[in-house]
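Q: everything below, folded, please.
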Amino acid sequence: MGLFDKLFKSSNNISEKGFCYNNNGFILDGFKDYGFEQMQDDDKLINEGYVSNTDVYAVIKKLCEVSSTVPFVVKSYDSSSDEWVIDEDSALNDLLEKPNEYTNGKDFRFNTMLYLLNTGDWFWRPTIGGFNLVTEIDLLPSNLVHIQLVTISLID
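A: Purely as a prediction, here's the structure:
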């Protein structure tokens, strides 16, 4: 587990293969030699970081496998008994079990956790159907998503 030893040592600067870390956080300048300053070469980043490092790959894969077996549970509030009960017949439960036509719930949870552990975030894109109901959820590759913030003024 040499990677974790290097990450959590208390030295000020550790650099190996373009990976830099200091007490203030990760420094992306260390990736300049590998073309990562703009994060344009995603295949190289994945292959040289996640896939080729057996320690990181094994830990992340195990976490994804275990977390994907834990199902989402939908509960609804029953006012007559004043408690939360599991709602297995809801449309939300069906959506979480089959998020879209290409994947099932377990694979969707696995891939969501994979993006979260590799990139630090994930992006779900809902597809809105009739009556403003979400009919599908797609998982977007978070390393390829560029967030654009738009400011809307409600006052003219």
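Q: what bridges to the closest residue to Pro126 other than its chain neighbours?
A: Take Pro126 and drop its neighbours on the chain: the residue closest to it by C-beta to C-beta, 6 or more residues apart in numbering is Val134, 4.3 Å away. Backbone N, C-alpha and C define where each C-beta goes, glycine included. Note on Val134: beta-bridge partners Ile128, judged by DSSP bridges.
Q: can you map out the strands along this protein?
A: Assigned by DSSP state E, the chain shows strands spanning 13-16, 19-22, 25-27, 75-78, 83-86, 123-128, 134-140.
Q: quick one: the helices in this structure, in order.
A: Ranges of helices in the chain, per DSSP state H, are 2-8, 42-45, 54-68, 91-97, 105-119.
Q: related to what we said a few turns ago, the residue nearest to Pro126 reaches Ile128, doesn't it?
A: Yes - with contacts counted by C-beta atoms under 8 Å, Val134 reaches Ile128, the gap being 6.1 Å.
Q: looking at these two, which one has more neighbours?
A: Taking neighbours as other C-beta atoms under 10 Å, Val134 and Ile128 compare with Val134 leading, 14 against 10.
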